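> Here is a sequence with its predicted model. Questions after.
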Amino acid sequence: MAEKANTGTPLAPEEQIELKVAELGDAARRNVRTIAVIGGVVLLGVVGGLIWTQTQRSAEAKAGAALMQAQGQYFSGNFEQALSEFQTISSRYGSTASAGHANLFLGNCQLSLGRAAEAEAAYRKVLGKAGNDPVLRTAAERGIASSLHSQGKAAEAAKMYLSAAEREGNPLQLDDYLAAGRAFAEAGDRAQAGRAFQEAINRFPENPRSVEARIRLEEIKSGS
């Protein structure tokens, strides 16, 4: 039986009821406060998510516009100006999809300006963030291969071209097999060169450009 506070005297039935009602009221108020706090946290999370989404969309839009402008400089042959603009996009909008393409063009600019080592670093950065995108991955691998080739590393370039060629979803697969074959031949690896040219023929037998692969394969077989 409940007792009066600090007296040890048992509570009357009506007093026990009043006490129970008071306890239930306190519990209810605590629950309301808890629900309010949880609701506030959830609301804060939702609002935060919406703000982040809107921020990302805004960043994507700004990065996309900047990318188009930089590409205009690139295709006009203004590589130094384009390089500066691509670098700005990469540093300012690094979390956007446009930044990935900016890094790719950044490598193209460096390569066009004869800075093969810097181009290779840019392409490797793209490759590291390309994920499962076959187009972006093969573009990065092709860029690395071109950079290595420009540095006189034909054997390394050939392997990278071959890696790009063998990746499913590569829209320039034939080009990469041909480039791999040429680079292997330049490096003195006639066997690997022959395999690359043969693969080009096997995969693209009706493509007019596979004629080059046939001619080069015959040259390898004849030892010329």
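On my side now, so go ahead.
> so how many other residues sit close to residue 75?
Close neighbours of residue 75, defined as other Cβ atoms under 10 Å, add up to 10. (Each C-beta comes from the backbone N, C-alpha and C, glycine too.)
> And residue 212, by the same measure?
If you count neighbours by other Cβ under 10 Å, residue 212 ends up with 16.
> Let me know the helix or strand that it is in.
Of the helices and strands defined by DSSP states H and E, residue 212 is found in helix 210-222.
> Torsion angles phi and psi at residue 168?
Note on residue 168: its backbone torsions stand at phi -60, psi 140 [degrees, to the nearest 10].
> got it, and residue 115?
phi -100, psi 70.
> Contacts only, for it.
When contacts are counted by Cβ atoms under 8 Å, 6 or more residues apart in numbering, residue 115 touches no other residue.
> if I look at it, how far off is residue 109?
The gap separating residue 115 from residue 109 is 9 Å, by Cβ to Cβ, to the nearest Å.
> Also residue 204?
When distance is defined by Cβ to Cβ, residue 204 is 31 Å away from residue 109.
> Of the two, which one has the most company?
The residue with more neighbours, out of residue 204 and residue 109, is residue 109; 25 against 16, by other Cβ under 10 Å.
> just to revisit the earlier point, got the contact list for the helix holding residue 212?
174, 177-178, 181-182, 185, 190, 193-194, 197-198, 200-201, 204.
> Go again with 10 Å.
The list of residues contacting helix 210-222 from outside it, by Cβ atoms under 10 Å, 6 or more residues apart in numbering, reads 174, 177-178, 181-182, 184-185, 190-191, 193-205, 207, 224.
> If we ignore the residues flanking it in sequence, what's nearest residue 164?
Sequence neighbours aside, residue 141 is the residue nearest to residue 164 in space, at 3.9 Å (criterion: Cβ to Cβ, 6 or more residues apart in numbering).
> quick check, distance from the helix or strand hosting that neighbour to the centre of its chain.
Residue 141 is located in helix 134-150, with elements delineated by DSSP H and E. Helix 134-150 has its average C-alpha position 15 Å from the chain's average C-alpha position, going by Cα atoms, centre = their mean, to the nearest Å.
> now stretch 73-88
So, by Cα atoms, centre = their mean, the centroid of stretch 73-88 is 21 Å from its chain's centroid.
> tell me the secondary structure for the closest residue to residue 88 other than its chain neighbours?
Distance criterion Cβ to Cβ, 6+ apart; nearest residue to residue 88, sequence neighbours excluded, is residue 66 at 7.1 Å. Secondary structure for residue 66, judged by DSSP: H, G, I helix; E, B strand; the rest coil, is helix.
> how far away is residue 66 from residue 115?
Following Cβ to Cβ, the distance that separates residue 66 from residue 115 is 22 Å.
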